[in-house]
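**Student:** With the input below, show me the fold.
(chains A and B)
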Amino acid sequence: MTNKEYADFLLPNVEHDMDYYEKKYPYRDLKEGAIVTRYAPSPTGFVHMGALYAAFIERKMARQTDGVFFLRIEDTDKKREVENGIESIVRDLNNFGITFDEGVVNETEEKGIYGPYIQSKRKDIYQAFAKYLIEQDLAYPAFETEEELKEIREHQELVKDRIGYYGDFAKSRFFTKEEAVEKIKNGAPYIIRLKSPGDFNKKIVLNDAIKGKIEMPENDMDIVIIKSDGLPTYHFAHLVDDHLMRTTHVIRGDEWVSSAPIHLQLFQVFGFKAPKYAHISPLMKEENGARRKLSKRKDPEMAVSYYHEKGIPNEAILLYLATVANSNFEGWLDANPTGKIDDFKMDFKKISPSGSLFDLEKILNLSKNFISRLKAEEVYERGLAWAEEYDSEFADLLKKYKEYSIGIFDIERNKKKPRKDYTCFSDLKNQIWYMYDELYHPNKEDFEYQNIKDPKEIETILSTYMEKYYSEEEDEQTWFGHMKDLAAEFGYAREVKEYKNNPDQYKGHIGDISMVLRVALTTKSMTPNLYDIMKLFGRDRMMERYGLKK
RNA sequence: GGCCUGUUGGUGAAGUGGUUCAACACACCGCCCUUUCACGGCGGCAUUCAUGGGUUCAAAUCCCAUACAGGUCACCA
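**Tutor:** I've put the predicted structure just below:
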């Protein structure tokens, strides 16, 4: 029996051969240095922060080199598949402005000539490549059951040997073709394994774009390449797909570093040029003084929906991810305030080889700064969009008082250094609820009066202000002058300095008086500029809040 | 257990043999500005780069060991 016949026997019904596919997918005609890379998730659920981080870096590197970024779905494990997985992946990523040049578009469509981009639809291709290996006597059928494999492992643990299917432990390797055929004809189930030419005592070198030079023992495990369902394992699919899709850079999580020897060997066995690898370290979390990888199951902040619910702008998340990836990004943004992430030149070498603690504080800060730079109308629109999803009562108020609300968001916003009141959109209501009568139901103890607490005095100050000094028309300076007059009338210094110089001559200073007017109006001692707030309220509503007859 | 990687302040980090070697940012604290807050300004916050050895005239930077942390050892990706 020739090797060719053997291959046909082991993998029948394979339509094309390796050469056919080799010709079908031409080399890409791209300029020097262009990076072709991919985001290759298995459709097991929504996109989480770690995946978003990787996808962000992948797209960025492809874009800045005029390369190609494509989406490939790795669904060779049918057990883990989730319904509509593809749709949610594409949607989640698009929400962050991460789009693909090529690959899967939705459950049924794709674009690009290197497809299919869904692994389960590439069975024939993988088998064609596996057949080549069998013909070269570099792959063979293996018959061990799960139970037998377990026994081998237990034995190895017992005698403290290296664990795995290799050397003398790889019993199926030693069957003759005829013996194997016999078994199969008798109905024995089988898988295809690589006949590894590696030597554990020799070293291979992985020149990782992020982690640098890593020396590892050669792979000598006869790893599975085709599973019993005829689909390939990750390792084999990676070889076939990234070779045929003409990927130049494989950017992936660093949990893959340890299997890089397998991948390098696979490329070598076929005589293909291996892609460059860039292994990204994971986002970490600190818990009880120990660091661990951010977990999809345990950590709510891992889900991108967490940020959506909080109303943290996606732009802020992207800014954060850029900072984590290349810490010089912040400095660059500082020097180029109007710059976009797209204009920044990211560098693999600047990506930290060790995992970074995921810093929610920092995201909140970025979010706050981002919102502060928005126009009042934008804050309104985005705040409303958030509220419509998560706080319908507040959404109704925003809609009912549109111009008024924009006015609130506009306070001290149009300056070089705008106010930073809102850390995220879910924070809006906490900051300004008192501006809406519908939300204003204070108790007496809610009023945060400071130095002046006497109800009688407060009442007199309020009524005097409204009757004698208040005017709806005045500009800020005039208004402030009136405040000073009011202070003086009640025995408070017109200027803080004056009070500090002669504390005995005054009961307090202008600040004490304006505090009364502020707290009586809002219950709060800390608010944006009082002048602007009064402007928004207008006379009637002020009289009402001050408990004075109109 | 084998193999691989990492370890600079509360956090993210810059810095890879010597001309500020501990930048910058977030957080925190203090002061100033100021009608409150916010903004802004100024200042504080690692005499030391996990620990112990070594190389060198000179090390956070090179070497070795130890400790700690992370990853990986599937017919999962």
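**Student:** Excluding chain neighbours, give the residue nearest to the residue in the stretch 251-400 of chain A positioned nearest to RNA strand B in space.
**Tutor:** Residue nearest to RNA strand B within the stretch 251-400 of chain A (CB to the nearest atom of the strand): residue A:354, separated by 2.9 Å. (Each C-beta comes from the backbone N, C-alpha and C, glycine too.) Nearest residue to residue A:354 in three dimensions, chain neighbours excluded: residue A:281, at 5.6 Å (CB to CB, 6 or more residues apart in numbering).
**Student:** Surely the one you found touches residue A:358?
**Tutor:** No - Residue A:281 lies out of contact with residue A:358 (CB atoms under 8 Å); the separation is 11.9 Å.
**Student:** more crowded one of those two?
**Tutor:** Applying other CB atoms under 10 Å to residue A:281 and residue A:358 shows that residue A:358 carries more neighbours, namely 22 against 18.
**Student:** For the more buried one, give its distance to residue A:533.
**Tutor:** Per CB to CB, to the nearest Å, residue A:358 is found 38 Å from residue A:533.
**Student:** for residue A:367, same thing?
**Tutor:** 24 Å.
**Student:** Looking at the two, which one has more neighbours?
**Tutor:** residue A:367 (26 against 21).
**Student:** just checking, that one is part of a helix?
**Tutor:** Yes - Residue A:367 forms part of a helix when assessed by DSSP: H, G, I helix; E, B strand; the rest coil.
**Student:** so what's residue A:27 closest to, chain neighbours aside?
**Tutor:** residue A:246 (5.8 Å).
**Student:** Any idea how many residues pack against the one you found?
**Tutor:** 15.
**Student:** Am I right that it sits in a helix?
**Tutor:** No - in this structure, residue A:246 is coil, not part of a helix, as judged by three-state DSSP.
**Student:** from what I can see it touches residue A:25, true?
**Tutor:** Yes - between residue A:246 and residue A:25 there is a contact at 6.8 Å, judged by CB under 8 Å.
**Student:** what's the nearest residue to residue A:442 if we skip its chain neighbours?
**Tutor:** Nearest non-adjacent residue to residue A:442 (CB to CB, 6+ apart): residue A:523, at 4.7 Å.
**Student:** Against RNA strand B, how distant is the one you found?
**Tutor:** 12 Å (CB to the nearest atom of the strand, to the nearest Å).
**Student:** and the stretch 51-200 of chain A, which residues reach RNA strand B?
**Tutor:** A:74, A:76-77, A:80, A:144-146, A:149, A:153, A:160, A:162-165, A:189, A:191 (CB under 7 Å from any atom of the strand).
**Student:** among those residues, which ones are buried?
**Tutor:** A:74, A:76, A:77, A:144, A:164, A:165, A:191 (16 or more other CB atoms under 10 Å).
**Student:** Give the burial count for the closest residue to residue A:439 other than its chain neighbours, as a bare number.
**Tutor:** Sequence neighbours aside, residue A:433 is the residue nearest to residue A:439 in space, at 4.3 Å (criterion: CB to CB, 6+ apart). Neighbourhood size, residue A:433 [other CB under 10 Å]: 17.
**Student:** that older thread, and the residue nearest to residue A:354, what pLDDT?
**Tutor:** For residue A:281, the pLDDT comes out at 88.
**Student:** List the contacts of it.
**Tutor:** A:210, A:254, A:351, A:352, A:353, A:354, A:355, A:356 (CB atoms under 8 Å, 6 or more residues apart in numbering).
**Student:** Tell me who's in contact with the third one.
**Tutor:** By CB under 8 Å, 6+ apart, residue A:351 lies in contact with A:57, A:210, A:278, A:280, A:281, A:325, A:326.
**Student:** and if we set it to 7 Å?
**Tutor:** A:210, A:280, A:325, A:326 (CB atoms under 7 Å, 6 or more residues apart in numbering).
**Student:** try the first one
**Tutor:** Residues counted as contacts of residue A:210 (CB under 7 Å, 6+ apart) are A:278, A:279, A:280, A:348, A:351, A:353.
**Student:** can you put those in CSV and add distance to residue A:138 and secondary structure?
**Tutor:** As requested, the contacts of residue A:210 are exported to CSV (distance: CB to CB, whole Å; DSSP: H, G, I helix; E, B strand; the rest coil):
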residue, distance to residue A:138, secondary structure
A:278, 28, strand
A:279, 27, strand
A:280, 31, strand
A:348, 33, helix
A:351, 35, coil
A:353, 34, coil
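**Student:** Most neighbours of all those residues, which one?
**Tutor:** That'd be residue A:280 among the contacts of residue A:210, by other CB under 10 Å, with 25 neighbours.
**Student:** Touching, that one and residue A:54? I think so.
**Tutor:** Yes - using CB atoms under 7 Å, residue A:280 is in contact with residue A:54, at 5.7 Å.
**Student:** Quick check: neighbours shared by the two?
**Tutor:** With CB under 7 Å, 6+ apart as the test, residue A:280 and residue A:54 both reach A:251, A:252, A:253.
**Student:** Let me know whether the second one touches residue A:276 as I believe.
**Tutor:** If I follow you right, that is residue A:252. No - counting by CB under 7 Å, residue A:276 is not a contact partner of residue A:252; they are 11.7 Å apart.
**Student:** In terms of neighbours, single out the busier of the two.
**Tutor:** More crowded of residue A:252 and residue A:276, by other CB under 10 Å: residue A:252, with 20 against 16.
**Student:** hmm, the strand or helix carrying the more buried one touching RNA strand B?
**Tutor:** Assigned by DSSP states H and E, residue A:252 belongs to strand A:249-253. No - taking CB under 7 Å from any atom of the strand as the criterion, strand A:249-253 and RNA strand B are apart, separated by no less than 8.0 Å.
**Student:** ok, that strand: who's next to it in the sheet?
**Tutor:** Neighbouring strands of strand A:249-253 in its sheet, by DSSP bridges, are strand A:276-280 (parallel).
**Student:** Where does confidence bottom out across the residues of the stretch 51-200 of chain A next to RNA strand B?
**Tutor:** Within those, pLDDT is lowest for residue A:80, at 79.
**Student:** Please name the residues that touch it.
**Tutor:** Neighbours of residue A:80 in contact, by CB under 7 Å, 6+ apart: A:42, A:44.
**Student:** Ramachandran coordinates for it?
**Tutor:** When read as degrees, to the nearest 10, the backbone of residue A:80 gives phi -90, psi 0.
**Student:** do residue A:469 as well
**Tutor:** Torsion angles, degrees, to the nearest 10, at residue A:469: phi -120, psi -30.
**Student:** What's the separation between the residue nearest to residue A:354 and residue A:526?
**Tutor:** For residue A:281 relative to residue A:526 (CB to CB), the value is 41 Å.
**Student:** Quick check, pLDDT for residue A:71.
**Tutor:** In this model, residue A:71 carries a pLDDT of 97.
**Student:** for residue A:485, same thing?
**Tutor:** 92.
**Student:** Might you report the residue contacts of it?
**Tutor:** residue A:469.
**Student:** Report the strands that pair with the least confident helix or strand in chain A by mean pLDDT, each with its relative direction.
**Tutor:** Across the helices and strands of chain A, mean confidence by mean pLDDT, DSSP states H and E is lowest for strand A:290-293: a mean of 72. Paired neighbours of strand A:290-293 in the sheet (DSSP bridges): strand A:283-287 (antiparallel).
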